[in-house]
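In: okay, sequence plus prediction incoming.
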Amino acid sequence: MGMIDVSNKPDTLRIAIAEATVTMSKQTIRLIKEGKSPKGNIVDAASVSATMAAKRTSDLIPYCHPIPIDDVKVSVTIGTESVKVITQVKSIWKTGVEMEALTSAAVAALTIYDMLKSVDDSISIESIRVIKKEGGLKMYQIPDRKLRAGVLVTSDSRRKRQDQSGRLLVDRLKKEGFDVTYYKVVPDNIGTIKTELTMLCDELKVDLVLTSGGTGIGSRDVTPDATSNILEKNLLGVAEILRAHGQRRTPSSMLSRGVAGVRAKTIIVNLPGNAKGVSESLDSLFPGINHTFEVLENHKHS
C-alpha cells in the first residue's frame, strides 16, 4: 500500500477537466446575481479556492504525487437553481491530473457552500465528477495486427543461458503485445551483427529489432556502427530520448553511442548491455515507439 512508483515513466502532457454542481433556491441565485451574497462574490472566491486546491492536492489526498501544475482554468456558471464549476488542470509530468481537477472542483463547491449556507438551508453539493481527461501513454497503442519482434544480444563473453538483458527484452516485448520470433546472442563482430540485422529486416521482415550490448566506446563496441551501415533512415529522436532518459538516472548514459532507425519496414533500436539500462530504456521507448508502426503501414517504400 502506498504511492505508485512512477520514477521510470516519461513526462507527457496531461489534461483533466472536472465538474461540480451546487444546487440552491431561486432566492439564493437572485442574491448572487444582485451581488448581495453575505460573504462577497462567490465567483471570484470559487475561482481562487479552486486554483489553490489544485496546487495543494498532494497535501490533502495521501497517495497523490506532488506534481508541477502548469495551468488551472476555472469556469463558474450561475443557473436558475444551481451553480456549476468546471475546472481544467494541465501538467507535463509522469502521472494524470484527474485528482487535481476533482479536488479543485470539490473545494470550489465547498467554498460556495460555505459562503451561502447562512442564507439557504437547502443548498447541496449534488455531484463532483471527471468529464474529460487527455494525454498520457495510453494514446500510443500498437496496431490491431500482431507485430513481430526480434532480439539480438551482442557479447563476446555472454552465452544465451547467462543472458539477462535479452530475456528481459523478450519478456517486455511480449508484455507490450509483440510476438517475439527471434532471439539470439552473437559475438561483438561488425560483420556478424550486420548479417543478423539484415536478415531480420529483409528476410524475416519483423516489425521491430531491439539490440542489447556493444553501444559504448570500447574497441569491441561495434553495434551502432553495424546498425548504421544497414539503416535507410535514422530516428535521431529515439536515440536522443533514450540517452536523456538514462542520463537522469545514470550519469554515464551520455557515453552510449546507440542509434535507431528504419530499414524497409523494420525499426531497429540499440539498447545498453546491462539489464538495468535495458529496463530504463524500455520505459522511455514504449509506448511512444508504437506510432512508428502505424506510419510505416501507410507508407509505400520503393
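Out: Right, received. Where do you want to start?
In: list the residues that contact Pro38.
Out: Met115, Leu116, Ser118, Val119 (C-beta atoms under 8 Å, 6 or more residues apart in numbering). The C-beta positions use only the backbone N, C-alpha and C, and glycine is treated the same way.
In: turn these into a markdown table, including secondary structure, neighbour count and pLDDT.
Out: Below are those laid out as a markdown table (DSSP: H, G, I helix; E, B strand; the rest coil; neighbours: other C-beta atoms under 10 Å; pLDDT from 0 to 100):
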| residue | secondary structure | neighbour count | pLDDT |
| --- | --- | --- | --- |
| Met115 | helix | 20 | 96 |
| Leu116 | helix | 22 | 96 |
| Ser118 | coil | 11 | 94 |
| Val119 | coil | 16 | 94 |
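In: looking at those, which one is closest to Thr154?
Out: The shortest separation between Thr154 and any of the contacts of Pro38 is 67.7 Å, and it belongs to Met115 (by C-beta to C-beta).
In: my guess is that closest one meets Val43, correct?
Out: No: between Met115 and Val43 there is no contact, the gap being 10.4 Å when judged by C-beta atoms under 8 Å.
In: C-alpha coordinates for the worst-scoring helix or strand of the chain on mean pLDDT, PDB please?
Out: Least confident helix or strand, the chain: helix 290-297 with a mean of 82, by mean pLDDT, DSSP states H and E. Output in PDB follows, covering the C-alpha atoms of helix 290-297 (Å, rounded to 0.1, in the frame of the first residue of the first chain):
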ATOM      1  CA  ASN A 290       4.300   2.300 -31.400                       C
ATOM      2  CA  HIS A 291       3.300   5.200 -33.500                       C
ATOM      3  CA  THR A 292       6.100   4.300 -36.000                       C
ATOM      4  CA  PHE A 293       4.300   1.100 -36.900                       C
ATOM      5  CA  GLU A 294       1.100   2.900 -37.900                       C
ATOM      6  CA  VAL A 295       3.200   5.400 -40.000                       C
ATOM      7  CA  LEU A 296       5.100   2.600 -41.800                       C
ATOM      8  CA  GLU A 297       1.900   0.600 -42.500                       C
END
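In: got the buried residues for it?
Out: The neighbour-count criterion (16 or more other C-beta atoms under 10 Å) identifies Asn290, Thr292, Phe293, Leu296 as the buried residues of helix 290-297.
In: so what does it touch, helix or strand wise?
Out: On a contact count with 3 or more C-beta pairs under 8 Å, 6 or more residues apart in numbering; DSSP states H and E, helix 290-297 meets strand 266-271.
In: give me the distance from the helix or strand just after the strand it packs on to the chain's centre.
Out: Later in the chain than strand 266-271, the nearest helix or strand by DSSP states H and E is helix 275-285. The chain centroid and the centroid of helix 275-285 are separated by 14 Å, computed with C-alpha atoms, centre = their mean, to the nearest Å.
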